[in-house]
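Undergrad: let's see this in three dimensions:
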Amino acid sequence: MKTTILSWVLRITVAVILSQTLYFKFTAAEESIYIFTALGVEPYGRIGTGILELITVILILIPRTTLFGALLGCGIMVGAIFSHLFVLGIEIENDGGTLFALANIILFSCLTLIFLNKDKIPNLLKLKL
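TA: I've put the predicted structure just below:
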């Protein structure tokens, strides 16, 4: 029971944070354009990342596909964190490091979800969607 509650709290946390960032990516908000221009992948990187994050939200909220969503979320957030550390910096346009902190929260949540669903890993390729 406690594991189920923790799982849902983590899943909703990831979904809410990623859903908020989707708005900025898909509406071409100034900050998103700045980030992806600095990375040299504007607009395709911004739109592609937004699509991957939308897929992550959907997968993470469906119990049968939570593990897939958590794995995808980890991959995206490792890329985001590395981008902050090596290209963008921790603070972007005076945000106080908020985007960096949110990326770390999502990564930690996804890693925890993978741990909670570790029993499904051997059957990962056999999972029928």
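
Undergrad: when you work out contacts or count neighbours from here on, use the C-alpha atoms and nothing else.
TA: Noted.

Undergrad: buried residues, the top helix by length along the chain. List them.
TA: For the chain, the helix reaching the highest residue count under DSSP state H is reported as helix 2-26. Within helix 2-26, the residues scored as buried using 16 or more other Cα atoms under 10 Å are 7-8, 10-15, 18-19, 21-22, 24-25.

Undergrad: ditto for stretch 65-79
TA: Buried residues in stretch 65-79 (16+ other Cα under 10 Å): 65-74, 76-77.

Undergrad: look at the residue nearest to residue 100 when sequence neighbours are not counted and give its secondary structure.
TA: Distance criterion Cα to Cα, 6 or more residues apart in numbering; nearest residue to residue 100, sequence neighbours excluded, is residue 90 at 5.9 Å. Three-state assignment for residue 90 (DSSP: H, G, I helix; E, B strand; the rest coil): coil.

Undergrad: quick revisit: in helices, which of the buried residues of stretch 65-79 appear?
TA: Judged by DSSP H, helices contain the following of the buried residues of stretch 65-79: 66-74, 76-77.

Undergrad: show me what the longest helix of the chain is packed up against.
TA: For helix 2-26, the elements it packs on are helix 30-38, helix 44-61, helix 98-116, judged by 3 or more Cα pairs under 8 Å, 6 or more residues apart in numbering; DSSP states H and E.

Undergrad: contacts for the first one, please.
TA: By that I understand helix 30-38. With contact meaning Cα atoms under 8 Å, 6 or more residues apart in numbering, helix 30-38 is reached by 24-25, 42-43, 45-46, 87-88, 92-93.

Undergrad: how about a cut-off of 7 Å?
TA: 24-25, 42, 45-46 (Cα atoms under 7 Å, 6 or more residues apart in numbering).

Undergrad: stretch 106-113 now?
TA: Against stretch 106-113 from outside (Cα under 7 Å, 6+ apart): 7, 10, 14, 67, 70-71, 73-74, 77.
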